[in-house]
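Novice: Sequence and predicted structure below; questions after.
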Amino acid sequence: MTKTKTGRIVTAAVVAATWAGASLAADFSACQVTDTGGIDDNSFNQTAWKGVEDAVSELGVTGRYLESTAETDYEANINSLLGGECDIIITVGFLLGDATKKAAEANPEQMFSIVDFAYDPAIPNVLGQVYATDQAAFLAGYLAAGMTQTGTLGTFGGINIPPVTIFMDGFYRGAQYYNAQNGTSVTVLGWNPDTGEGLFTNNFDSLDDGRAFAQNLYDEGADIVLPVAGPVGLGSAALADELGTDALKIVGVDADLYLTDPEKKHVYLTSITKRMDATVREVIALAQAGDFEGGVLVGTLENGGVDLAPFHDMEDLVPAELKEQVEAIRAGIIDGSIAVDG
């Protein structure tokens, strides 16, 4: 049972009926609150917003967003969307977890979904969208280990939080799996999943930090770098553009950065894609149809929620044998014969 703001006890059936009634309205609205990366971050928020845009064009809903410029904006932005103007409120990012929980518990009749976060125990009116990005990152780590000319890879994160470090975990372990399968000794700088220690810029917006961290890793021998820091990684791409891809290649995250960073597209070996657009659209469709339930929706390699982007301009640089090995590992991860968690 859930208590409303007025103190009335509402059963799950009543809440479900309320959601179903809202979904039958002529106009269904989906509202997004970004984290501090902003709506045009070429990555996380932008990909989630594409899911809203897809719902607008394909499902006939209306959509709008509010950008957060500081963490202090999270609660205020969410609260400003309450009051019936938004059938579902979608918050983007782990850092909005507390603010979303507070608003959802205070407004049990309002549907919420949060990208990159899930609650345990589940909140009845919140559907979390999480992603097994370590699966796709494992493939990227194996690929990068097979492509490095220096025998050294690098990675760094924005903030030391699980949605960031899960990429780094998979990348590190994929490289180690390459070593085990091929008798090599490729090293990964910037992260150790066993100790939880690594390199972090402590922000998701400084391109200067992205350049500086990639420069430091390059100076230590890394010729392929994975930045897991949203727009910060664009600074790493700028460095790779200046040095040339023979010296430094970048692995993107969240979106296919070959497409979203067209000026520097040639520096990306691949990207570890997190199909937030697909899961956001699915959540909106469920809510619009009256089928919304709290809990968690998980994107995996098997259901297409995570993946590796195409190699694009570097297609001919990746040996056919390495491509075959990556596809075999993909199949092994899906059928459970290869573990990505060490």
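Specialist: Right, received. Where do you want to start? Numbering: from 1, shown residues only.
Novice: From start to finish, how long is stretch 253-269 in a straight line?
Specialist: 11 Å (C-alpha to C-alpha, to the nearest Å).
Novice: Residues contacting that stretch, please?
Specialist: 42-44, 46-47, 133, 143-144, 147, 167, 224, 226-228, 230, 233-234, 237-238, 240-241, 245, 248-252, 271-274, 276, 309-314 (C-beta atoms under 8 Å, 6 or more residues apart in numbering). For every residue, glycine as well, the C-beta is placed using N, CA and C.
Novice: Which of those residues fall in helices?
Specialist: 44, 46-47, 133, 143-144, 147, 167, 233-234, 237-238, 240-241, 276 (DSSP state H).
Novice: By neighbours, which of those wins?
Specialist: Neighbour counts for the ones in helices among the contacts of stretch 253-269 were taken using other C-beta atoms under 10 Å; the highest belongs to Gly233, with 34 neighbours.
Novice: Spatially nearest residue to it (excluding sequence neighbours)?
Specialist: Pro227 (3.5 Å; C-beta to C-beta, 6 or more residues apart in numbering).
Novice: residues contacting the one you found?
Specialist: Thr155, Phe156, Gly157, Gly210, Phe213, Ala214, Gly233, Ser236, Ile250, Val253.
Novice: Now flag whichever of these is closest to Leu81.
Specialist: Using C-beta to C-beta, Val253 is the member of the contacts of Pro227 that lies nearest Leu81, at 27.7 Å.
Novice: how close does that closest one sit to Pro193?
Specialist: Val253 sits 17 Å away from Pro193, taking C-beta to C-beta, to the nearest Å as the criterion.
Novice: now that we have the contacts of Pro227, which one has the most neighbours?
Specialist: Counting neighbours by other C-beta under 10 Å, Gly233 comes out on top of those with 34 neighbours.
Novice: What helices and strands are in contact with the helix or strand where Ala104 lies?
Specialist: Using DSSP states H and E, Ala104 sits within helix 97-106. Using 3 or more C-beta pairs under 8 Å, 6 or more residues apart in numbering; DSSP states H and E, the elements in contact with helix 97-106 are helix 73-80, strand 88-92, strand 111-115, strand 126-131.
Novice: Tabulate these (CSV), appending distance to Glu263, mean pLDDT and mean neighbour count.
Specialist: Below are these laid out as CSV (distance: least, C-beta to C-beta, whole Å; pLDDT from 0 to 100; neighbours: other C-beta atoms under 10 Å):
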stretch, distance to Glu263, mean pLDDT, mean neighbour count
helix 73-80, 29, 97, 19
strand 88-92, 24, 98, 29
strand 111-115, 26, 98, 28
strand 126-131, 27, 97, 25
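Novice: coming back round to it: from the contacts of Pro227, which land in strands?
Specialist: Thr155, Phe156, Gly157, Ile250, Val253 (DSSP state E).
Novice: Farthest pair within the residues you listed?
Specialist: Longest distance between any two of the ones in strands among the contacts of Pro227 is 14.6 Å, between Gly157 and Ile250; criterion C-beta to C-beta.
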